[in-house]
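Enquirer: give me the fold of what follows.
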Amino acid sequence: MQLAFCLYKYFPYGGLQRDFLRIALTCQARGHAIRVYALEWQGEVPPGFELVRVPVTSYANHRRYAKFTRWVEADIAQRPVDRVVGFNKMPGLDVYYAADPCFEHKARTLRKPLYRYSPRYRHFAAYEHAVFAPEGRTEILMISTTQQPLFAKYYGTPARRFHLLPPGIAPDRRAPPDAAARRAAARARFATEFGLQDGELLLVQIGSDFPRKGLDRSIAALATLPEPLKRRTRLVAIGADDPGPFLDQARKLGMGERVFIPGGRDDVPDFLLGADALLHPARHENTGTVLLEALVAGLPVIATATCGYAHYIDDADAGLIVPEPFVQASLDEALARLLSDADARSHWQRNALAFADSADLYSLPERAADIILGRRG
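Expert: Here you go, the predicted model:
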């Protein structure tokens, strides 16, 4: 079959983008042709992919997205495909990968009522309705149990159109047989790059969109550690975002020499093996794939309960979950507890690796491809 995949922006370090790529590659490996429509694309284009950079512009994102939809519809009318798979909400999809939370719920609970009279609201509400309307035909790939009840509440979407996928953790995130040697090598490199000394503790936070991921919360928690613990702890935040406000925050809190933001990286597995804990105090997070990437690497986790995958950390007993509603003092206490108790970190590491061996945390691309390829018109 000829498959069309639609997403507004591709860059190598986004969770949605990585999922898209693995699903598309899985479909390609099964013998199907891949055409990708995107507004922006950063990085390599996989061999055999037909990348179509949609040439539309606008000063407002919602207007640009509407032009994108019309352009793609016109192109597909000229060059038909068998399936249209979307990774952003838009009309005309056969299958939608639901990485984003319910827009209507956010608009009604986090915005003032006047927002619902804006052109931006009308666009995104209409695009969400096009996917989830009860009379629609779009099959919906869910990656978290937390959002389906909201879509059902606002749209009455039939349950039969929802398909809950298992997580899709990449094999290179799992702790390898030589994990101890890899950890030592990574920490030796981090000593050069970040000044990490023997006996010091390394925290890592991974993910773009630093405000939503709660990087400010992590820096604030680091600054509250008891002085002896603070002096032997460093934080590295990896992601494609503006580091300026967070580096300013670290300097104001006296942590400028303890916080590093090196941008997006291709060596994330080395950080998962070389760090002592993952911090992920997100404000909202549909899933939080990085929580499971840390888990399968044996890295203890501190995360907020708002993360859709936080329950896996509880199920595995592989770290600490900060309850909602969020209170900064709770994160501060969790971080101090984790860093001061080496036995607890070892316990969580063992539990994480045992859970990684027994639970299905890996088959998302294969299951998504099954549904895409089995979709009936």
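
Enquirer: quick check: Leu7 touching Leu51?
Expert: No. If you go by Cβ atoms under 8 Å, Leu7 and Leu51 don't touch, sitting 11.2 Å apart. All C-beta atoms are positioned from the backbone trio N, CA, C, and that covers glycine.

Enquirer: please, where are all the strands along the chain?
Expert: In the chain, the segments counted as strands under DSSP state E are 2-10, 33-41, 50-53, 83-86, 95-98, 139-142, 162-164, 201-206, 233-238, 259-263, 277-280, 301-304, 319-322.

Enquirer: quick check: Val34 vs Thr157, distance?
Expert: One thing to correct before we go on: residue 34 is Ile, not Val. Plainly put, Ile34 is 28 Å away from Thr157 if you go by Cβ to Cβ, to the nearest Å.

Enquirer: got the residue ranges for the helices in the stretch 101-250 of the chain?
Expert: Remark: helices assigned in the stretch 101-250 of the chain by DSSP state H, counting those that start in this stretch are 103-109, 119-132, 148-155, 179-194, 210-213, 215-223, 227-231, 244-252.

Enquirer: mind putting those helices in JSON lines, mean pLDDT, mean neighbour count and distance to Leu373 included?
Expert: Converted to JSON lines, these look like this (pLDDT from 0 to 100; neighbours: other Cβ atoms under 10 Å; distance: least, Cβ to Cβ, whole Å):
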{"stretch": "helix 103-109", "mean pLDDT": "96", "mean neighbour count": "16", "distance to Leu373": "28"}
{"stretch": "helix 119-132", "mean pLDDT": "98", "mean neighbour count": "18", "distance to Leu373": "20"}
{"stretch": "helix 148-155", "mean pLDDT": "96", "mean neighbour count": "16", "distance to Leu373": "23"}
{"stretch": "helix 179-194", "mean pLDDT": "97", "mean neighbour count": "15", "distance to Leu373": "36"}
{"stretch": "helix 210-213", "mean pLDDT": "96", "mean neighbour count": "19", "distance to Leu373": "33"}
{"stretch": "helix 215-223", "mean pLDDT": "98", "mean neighbour count": "22", "distance to Leu373": "39"}
{"stretch": "helix 227-231", "mean pLDDT": "96", "mean neighbour count": "11", "distance to Leu373": "52"}
{"stretch": "helix 244-252", "mean pLDDT": "98", "mean neighbour count": "15", "distance to Leu373": "42"}
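
Enquirer: Phe87 is nearest to which of the ones you listed?
Expert: Ranking the helices of the stretch 101-250 of the chain by their distance to Phe87 (criterion: Cβ to Cβ) puts helix 119-132 first, at 11.6 Å.

Enquirer: and the closest one, how far out from the chain's middle?
Expert: 23 Å (Cα atoms, centre = their mean, to the nearest Å).

Enquirer: tilt between that helix and helix 148-155?
Expert: 110 degrees (axes from the mean of the first three to the mean of the last three Cα atoms, to 10 degrees).

Enquirer: by contact count, what packs against helix 119-132?
Expert: Contact analysis of helix 119-132 by 3 or more Cβ pairs under 8 Å, 6 or more residues apart in numbering; DSSP states H and E lists helix 61-78, helix 103-109, helix 148-155 as its packing neighbours.

Enquirer: which residues sit against that helix?
Expert: Identification of contacts with helix 119-132 by Cβ atoms under 8 Å, 6 or more residues apart in numbering yields 60, 62-63, 65-66, 86, 89-93, 96, 102-104, 107, 111, 115-116, 136, 138, 140, 151, 154-155, 157.

Enquirer: now, of these, which are buried?
Expert: For these, a neighbour count by 16 or more other Cβ atoms under 10 Å gives the buried set as 62, 65-66, 86, 89-91, 93, 96, 102-104, 107, 136, 138, 140, 151, 154-155, 157.

Enquirer: per-residue confidence at the nearest residue to Tyr65 once chain neighbours are set aside?
Expert: Ranked by Cβ to Cβ, 6 or more residues apart in numbering and with sequence neighbours excluded, the top spatial neighbour of Tyr65 is Tyr8, at 6.5 Å. pLDDT for Tyr8: 98.

Enquirer: next one: Gly308
Expert: Model confidence at Gly308 (pLDDT) stands at 91.

Enquirer: now do the phi/psi pair for the residue nearest to it when sequence neighbours are not counted.
Expert: Nearest non-adjacent residue to Gly308, counting by Cβ to Cβ, 6+ apart: Ser144, 3.3 Å away. In terms of degrees, to the nearest 10, the main-chain angles of Ser144 are phi -150, psi 150.

Enquirer: mind starting the numbering at 337 from now?
Expert: Done: numbering now begins at 337, and the last item shifts to Ser480.

Enquirer: I'd say Ser480 and Tyr645 touch.
Expert: Yes. Contact criterion Cβ under 8 Å: Ser480 and Tyr645 qualify, at 7.3 Å.

Enquirer: count the neighbours of Ser682 for me.
Expert: Number of residues near Ser682 (other Cβ atoms under 10 Å) recorded here: 12.
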